[in-house]
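Trainee: quick one, fold the following:
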Amino acid sequence: MEDRVILKNMPTSIRGYVFKDDDGAPVIVLNSRLSREQNRRTYEHERQHIERGEMDEPTYNEYGGK
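Mentor: Modelled structure (predicted):
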């Protein structure tokens with residue numbers, strides 16, 4: 001399955017985040033105001049959360065939600 005990725009205009013202090021959509025599939029949100037290289041690093045960071053299954057833990061909340 002391909003990752004669903006959204007580019008969103010956010011303050012530059014927010015690099016990105018991941019959440020589950022209504023179907024339970026992960027969605028990675030990246031900051032459209034940041035460079036391609038920064039977004040690549042943020043994407044990899046968010047993929048690690050998904051791969052480690054952290055989003056299924058009831059206490060997962062890296063930055064306070066979406």
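Trainee: what packs against the lowest-mean-pLDDT helix or strand in the chain?
Mentor: Averaged element by element with mean pLDDT, DSSP states H and E, the chain has its least confident helix or strand at strand 16-20 (a mean of 92). In terms of contacts (3 or more CB pairs under 8 Å, 6 or more residues apart in numbering; DSSP states H and E), strand 16-20 is packed against strand 26-31, helix 36-51. Placement of C-beta: from N, CA and C, glycine included.
Trainee: out of those, deepest packed?
Mentor: Highest mean neighbour count of the helices and strands packed on strand 16-20: strand 26-31, a mean of 20 (counted as mean count of other CB atoms under 10 Å).
Trainee: okay, that strand in PDB with CA atoms only?
Mentor: Taking C-alpha atoms only, strand 26-31 is exported to PDB below (Å, rounded to 0.1, in the frame of the first residue of the first chain):
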ATOM      1  CA  PRO A  26      -2.000   6.400   8.300                       C
ATOM      2  CA  VAL A  27      -1.700   9.800   6.700                       C
ATOM      3  CA  ILE A  28       1.600  11.700   6.700                       C
ATOM      4  CA  VAL A  29       1.300  15.500   6.700                       C
ATOM      5  CA  LEU A  30       4.300  17.500   5.600                       C
ATOM      6  CA  ASN A  31       4.900  21.200   5.800                       C
END
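Trainee: chain center to that strand: distance?
Mentor: Offset of strand 26-31 from its chain centre (CA atoms, centre = their mean, to the nearest Å): 4 Å.
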